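Peer 1: Sequence below, structure please.
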Amino acid sequence: MTDVWWDDQYINAKQLHLKANERGIEEPPKNPTEDDFSYWTIEMQKQEVHGLWSQIE
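Peer 2: Coordinates of the predicted model:
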């Protein structure tokens, strides 16, 4: 996770996807674009996880 923010109802997180390098080891991309990120929301009262959204969604 690269960013996390919250209020009384939700926890939101921004996730950077790792990419396998030439040795097969996963690491962050050197120059990430918005396509390399996903977003998650945890609804606190219902204890539900929503996500794997793009920034547009």
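
Peer 1: okay, and the helix or strand of this structure with the least pLDDT?
Peer 2: The weakest-scoring helix or strand in the chain, judged by mean pLDDT, DSSP states H and E, is strand 48-53 (a mean of 85).

Peer 1: and for it, what are the contacting residues?
Peer 2: S38, Y39, W40, T41, I42, E43 (Cβ atoms under 8 Å, 6 or more residues apart in numbering). C-beta: built from backbone N, CA, C; applies to glycine.

Peer 1: The fifth one is in contact with Y10, isn't it?
Peer 2: Put plainly, it is I42. Yes: if you go by Cβ atoms under 8 Å, I42 and Y10 touch, sitting 6.6 Å apart.

Peer 1: that older thread, ok, of the contacts of strand 48-53, which come out buried?
Peer 2: S38, Y39, W40, T41, I42 (16 or more other Cβ atoms under 10 Å).

Peer 1: Out of the residues you listed, name the ones that lie in strands.
Peer 2: S38, Y39, W40, T41, I42 (DSSP state E).

Peer 1: what bridges to the last one?
Peer 2: What it means is I42. I11, V49 (DSSP bridges).
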